[in-house]
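Asks: show me how the following folds:
(2 chains)
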2 protein chains.
Amino acid sequence: MPEFLNLLPPDEARQRLLEYLPRKPRSESITTESASGRVTAVDIQAAEALPAFPRTTVDGFAVRAADTFGSSESLPAYLTLVGEVPMGAAPALILGPAQCALIHTGGMLPQGADAVVMVEYTQSVQSGEIEIQRAVALGENILQAGEDVAIGEVVIPAGTRLGAAEIGGLMALGITQVSVACKPRVAILSTGDEVIPPDLTPGPGQVRDVNAYSLSSLVEAAGGTALRYGIIPDRADRLFMMAAQALAEADIVVITAGSSASTRDLTSEVINRLGKPGVLVHGVNVRPGKPTILGICDQKLVIGLPGNPVSALVIARLFIVPMIEAWSGLLSHKLTGRVTARIALNLASQAGREDWIPVRLIAEGDQYRAEPVFGKSNLIFTLVRADGLVRIAPDATGLQAGEQVEVTLL
Amino acid sequence: MPEFLNLLPPDEARQRLLEYLPRKPRSESITTESASGRVTAVDIQAAEALPAFPRTTVDGFAVRAADTFGSSESLPAYLTLVGEVPMGAAPALILGPAQCALIHTGGMLPQGADAVVMVEYTQSVQSGEIEIQRAVALGENILQAGEDVAIGEVVIPAGTRLGAAEIGGLMALGITQVSVACKPRVAILSTGDEVIPPDLTPGPGQVRDVNAYSLSSLVEAAGGTALRYGIIPDRADRLFMMAAQALAEADIVVITAGSSASTRDLTSEVINRLGKPGVLVHGVNVRPGKPTILGICDQKLVIGLPGNPVSALVIARLFIVPMIEAWSGLLSHKLTGRVTARIALNLASQAGREDWIPVRLIAEGDQYRAEPVFGKSNLIFTLVRADGLVRIAPDATGLQAGEQVEVTLL
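Replies: Have a look, this model is predicted:
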C-alpha cells in the first residue's frame, strides 16, 4: 500500500500544526468565581502570606513548649489557664511562663506561645489549672505564617487549568479577579448534499446532521466556544464564502466533509484558497480518520474532518481538543482519564498506522476487560456503546488477547 | 484509639445515605443541543431505523454481486454503466443484470444492486463500460437499513450521562428534545466567626472563605447547581434559620463547619433540629475528613464538612459528588479518570482507616511516579500542588515504595 508512505503519523501531524499557533493566547480578566475550567494567562503571585498569622491546627491549649518538657500521663505538668483565644480576632492575652490559653483549631496563636497541646492530652484539674499529660516540641501543632504560601510566590503558573482547588486557593489570597485565556472560538461547518438539519425528516438518501452537534459538545467540554455555521451544499463557491466568514470570526474552523472523496477534494481546495500556507497535511496514518485534512490559513487552524461520525469524533479528540488546549496556552497538561484493562481479543493492526479501537469496559473484580465494539465504521452508535478507546501504536502490528492496555476514557 | 471503632468506613457511610435518596429524580425536557453532561431521565427509544436506507460505505460502483463472481485483475468482468447515484436523493435508476452505477460513500443503494465494488478495483475502459477487477460478496461494502439501530431499540437507557457521541446519536434519530434529570441544587453554607468574604482584607485571626468557592466549582463540575448562602456566624439560631431556608430551596445542603470542635457540634445540633431522621453518621473512618457529619432531613441530604479546605474537598469528592450523581439518577457510572503509577515512598496507614494521599505525578518514560505532596493538613495549596489522590484501603496498613497504585485524577 504505497499510499500509506505519504501519510503522516498523528504525532507528527499535530507537531506540524503547533508550530503555527500563536505563542501567547488572547486574554481577558474575569471573576475568579466564574473561572472554573479556564486557563490562566499569566503567572499568579501571592501578594500576601498564607496563613497570614501563626494558627493552631488542633483544638487544645496554647503553651510555651519548654513548660511541657518531660511531662507525661504519670508525671504531668500543671499550667495556669489565663484565657481563651477568640475565633476571628487577635488574642488580647500574652502568655507568660507556666501559663496556657484555650485555643480552637484555626485560632491565632497568642504572643508568648510557641506550641499547642491537643485537648486529648490535657485535663482540667481545678478552676484555672490545666494538667498537661504530654510534652510538645517547639512549633508543634502550629502552622507558621507563610508556611503554605510566601509573599511573592507564584502560586499558579500561567497555562494552568483552574479547578476547585485552584479557585479555593485564589480566594484564600483575596484574588477575586483573574486573567485567563479567551476561549478559542471553533467554527463548525457541515457539508454534504445529503445532510439535513436534525429537526427535519429525511427523505430517501438523506441523513441528519450528526457531526455539528457531537463536535459542538466535544469543543465546549474541551474549553472552546462552538459556533455552528449550518449545512453548506457541496459547491466550492458557497463553501468558500461560508468558510471565509468563519475564518474571520473564529480561531479554529472545522469543516466536516461529506463522506465521499469528491467533497473531501472540495474541502482541500477551499482551504488552499482561504489563506497561506493552506493545506499542510492531507491524510493522516490513523484509523479511523485517514482522510483528515489539516491546514493553516492566515495563522488560524482549518481542519477538514471525515464525514463518518465515528471518524469525525476520534479525529476531533486527536486534533481539535489538543489544538483548543494549545490555543488556550495550556501548559501543565491535564492527564486524560485512563483505565488499565486487559484486551479481550486479538486485534491486528497495520505497521506504521495508529489505530484507535472503541472498547466497552467490563469490570472483573478490581480489573477491567476491554471488549472491542465492532461494527462497520459508519455506525453512528459505535461510540455510544463504547466506554473508551484503545490506541495501537504505529510501531505495533496488533494486540494479543489478554495483553494489558491503557483505555482512554470517552 | 477506641474512638475509631465508632467511625463508619466511607463505603458504608455512603451506602447508608443512598437508602434515603428518592428513587426517581425530578425531570425536565430540554433541547438535545443543550443537553451535554446531563443525565437521561427515561429510556430513549429509536422511532426510526438507522440507517434508514441501505447505504454504501465506500466510493465505487453499485453492482449485483453475482455479476462480479470470478472476476480478477487478470480476468475482469465488464459492466455497463447506467448512471450515477445522486447524494441526498433516491436513485432513479434500477440496476439490471451486468449493469453498474457510480456511487459515493453514504449514497443510497439503487434498486437491483446488492453490493458495491471499491473504485480502487475498477477502471473505466470506454465510455459506458466499467472493468471490475475484483469479486464482491453479497452485501459487501453496504450498511443495511437498521444495521446501526433498529426501530424500537433503546439506544440510550435512563441514567446515562450524555456526551458528544450520545448527542450526535440523538440528532441522527431526529430526537431534538430529551428528558433529563433536573440538576440537583446544592446549597453551600459557610460558618465560622473567623471567616470573611474573599474580597475583604482579613484582620488578625481572620481568614477568607475558601470552601464555599472550591465546593461550588466541584458541585458544578459534577453536574449540580451550586447555591451559596454566605457566611453564617457561629450561633445556633442563625445557622438553623439559614439552613432551614436552604433545605427548603435545595436538594442537598452542605454546611462547612468552622474548624473547631465546638462549631462541629453546632452543625450536628442544627442538622438534628432540621428534620427527621437527622444525623446518621457522625465521623467517618477516613483521613483527611474524619469529623464529617452526614444527615438526612425530610428526605434531603445535609452534610457537615470539616472546615479544613483539603479535608473539605476530599470529603466532597467522596460524598457530595456521588450524591449529586445518585440524585441525578446516574446509573451507568462514568469511570473516573485514573492513572497507574508507582508510589515514590513508603506510606504508613492505620488499619481500618481509609487514607487519601495527594500526589504529584512525574512522567518517567511511559510510566508515572506518584510523589506524595506532604505538608500539614491545613495547607490550602496542597491540592493545587497535587495531580491526584491515592487511596489506601481500610484493610491495608500502608504502601511500600515502588508499589503500583491507582491515582484518581483531580
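Asks: ok, and the closest non-adjacent residue to the closest residue to chain B within chain A?
Replies: Closest residue of chain A to chain B, C-beta to the nearest C-beta: A:G337 (2.2 Å). All C-beta spots, glycine's among them, are computed from the backbone N, C-alpha and C. Nearest residue to A:G337, sequence neighbours excluded (C-beta to C-beta, 6 or more residues apart in numbering or on different chains): B:G337, at 2.2 Å.
Asks: that neighbour and B:L361, how far apart?
Replies: 12 Å (C-beta to C-beta, to the nearest Å).
Asks: stretch A:355-365 near chain B at all?
Replies: Yes - using C-beta under 8 Å from any C-beta of the partner chain, stretch A:355-365 reaches chain B at A:L361.
Asks: most distant residue from the centre of chain A?
Replies: Going by C-alpha atoms, centre = their mean, the residue of chain A most distant from its centre is A:Q126, 57.0 Å out.
Asks: for that residue, give the beta-bridge partners.
Replies: A:E129 (DSSP bridges).
Asks: thinking A:L361 is in contact with A:R342, fair?
Replies: No - at 10.4 Å, A:L361 does not count as touching A:R342 under the criterion of C-beta atoms under 8 Å.
Asks: and the gap between the residue farthest from the centre of chain A and A:T80?
Replies: For A:Q126, the distance to A:T80 (C-beta to C-beta) stands at 11 Å.
Asks: what pairs with A:G304 across the strands?
Replies: With DSSP bridges as the rule, A:G304 is bridged to A:I255, A:I293.
Asks: ok now stretch A:121-128, how far from the chain's centre?
Replies: 52 Å (C-alpha atoms, centre = their mean, to the nearest Å).
Asks: and the helices in chain A, which stretches?
Replies: Using DSSP state H, the helices assigned to chain A run over residues A:10-18, A:164-172, A:211-221, A:236-249, A:261-274, A:309-315, A:321-327.
Asks: mind giving me the packing neighbours of the third one?
Replies: With contacts defined as 3 or more C-beta pairs under 8 Å, 6 or more residues apart in numbering or on different chains; DSSP states H and E, the secondary structure elements packing on helix A:211-221 are strand A:185-191, strand A:225-232, strand A:252-256, helix A:309-315, helix B:164-172.
Asks: one step back: overlap of the contact sets of A:L361 and A:R342?
Replies: Shared contacts of A:L361 and A:R342 (C-beta atoms under 8 Å, 6 or more residues apart in numbering or on different chains): A:368-370.
Asks: now the longest strand along chain A: average pLDDT?
Replies: Using DSSP state E, we find that the single longest strand of chain A is strand A:354-364. Strand A:354-364 comes out with an average pLDDT of 88.
Asks: please identify the buried residues of that strand?
Replies: A:354-361 (16 or more other C-beta atoms under 10 Å in any protein chain shown).
Asks: ok, back up a step: in ChimeraX, select just the buried ones from the shared contacts of A:L361 and A:R342.
Replies: In ChimeraX, a selection of the buried entries from the shared contacts of A:L361 and A:R342 looks like this (16+ other C-beta under 10 Å):
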select /A:368,370
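Asks: now do stretch A:101-112, average pLDDT.
Replies: 94.
Asks: output that stretch in CSV with nothing but the alpha carbons.
Replies: Provided in CSV are the C-alpha atoms of stretch A:101-112 (Å, rounded to 0.1, in the frame of the first residue of the first chain):
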residue,chain,number,x,y,z
ALA,A,101,-4.7,29.5,76.9
LEU,A,102,-7.6,27.6,75.5
ILE,A,103,-7.5,27.7,71.7
HIS,A,104,-9.6,26.2,68.9
THR,A,105,-8.5,24.8,65.5
GLY,A,106,-7.6,27.8,63.3
GLY,A,107,-7.2,30.2,66.1
MET,A,108,-4.4,32.7,66.2
LEU,A,109,-1.5,31.8,68.5
PRO,A,110,-1.2,34.3,71.3
GLN,A,111,2.0,36.2,71.9
GLY,A,112,4.4,34.2,74.1
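Asks: do that stretch and chain B meet at all?
Replies: Yes - Stretch A:101-112 lies within reach of chain B by C-beta under 8 Å from any C-beta, at A:104-108.
Asks: okay, those in JSON lines with neighbour count and distance to A:Y20 next?
Replies: Formatted as JSON lines, those follow (neighbours: other C-beta atoms under 10 Å in any protein chain shown; distance: C-beta to C-beta, whole Å):
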{"residue": "A:H104", "neighbour count": "23", "distance to A:Y20": "58"}
{"residue": "A:T105", "neighbour count": "25", "distance to A:Y20": "54"}
{"residue": "A:G106", "neighbour count": "27", "distance to A:Y20": "51"}
{"residue": "A:G107", "neighbour count": "29", "distance to A:Y20": "56"}
{"residue": "A:M108", "neighbour count": "27", "distance to A:Y20": "54"}
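Asks: which of those sit farthest apart?
Replies: The largest separation in these, counting by C-beta to C-beta, is between A:T105 and A:M108 at 11.6 Å.
Asks: if you skip the residues just before and after it, what's nearest to A:V279?
Replies: Nearest to A:V279 is A:G295, by C-beta to C-beta, 6+ apart, at 4.5 Å.
Asks: likewise for A:C182?
Replies: A:R26 (4.4 Å).
Asks: mean neighbour count, distance to B:A326 and mean pLDDT added to the helices of chain A, as a markdown table?
Replies: Formatted as a markdown table, the helices of chain A follow (neighbours: other C-beta atoms under 10 Å in any protein chain shown; distance: least, C-beta to C-beta, whole Å; pLDDT from 0 to 100):
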| stretch | mean neighbour count | distance to B:A326 | mean pLDDT |
| --- | --- | --- | --- |
| helix A:10-18 | 16 | 39 | 92 |
| helix A:164-172 | 27 | 20 | 94 |
| helix A:211-221 | 25 | 22 | 96 |
| helix A:236-249 | 16 | 42 | 96 |
| helix A:261-274 | 20 | 45 | 87 |
| helix A:309-315 | 27 | 29 | 90 |
| helix A:321-327 | 21 | 29 | 93 |
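Asks: which residues in the stretch 51-200 of chain A form strands?
Replies: Secondary structure of the stretch 51-200 of chain A (DSSP state E, counting those that start in this stretch): strands at A:55-56, A:60-63, A:77-84, A:99-103, A:115-118, A:122-126, A:129-132, A:142-143, A:154-156, A:177-181, A:185-191, A:195-196.
Asks: need the residues that contact the fourth one.
Replies: Where contact means C-beta under 8 Å, 6+ apart, the residues beyond strand A:99-103 that reach it are A:56, A:59-64, A:67, A:79-85, A:91, A:93, A:95, A:109-110, A:112-113, A:116-117, A:130, A:132.
Asks: just the buried subset of those residues, please.
Replies: Of these, these count as buried by 16+ other C-beta under 10 Å: A:56, A:59-64, A:67, A:79, A:82-83, A:85, A:91, A:93, A:95, A:109-110, A:112-113, A:116-117, A:130, A:132.
Asks: separation between A:Q400 and A:Q245?
Replies: From A:Q400 across to A:Q245, the span is 50 Å (C-beta to C-beta).
Asks: try A:G388
Replies: 37 Å.
Asks: same thing with A:I103?
Replies: Distance, A:I103 to A:Q245, by C-beta to C-beta: 66 Å.
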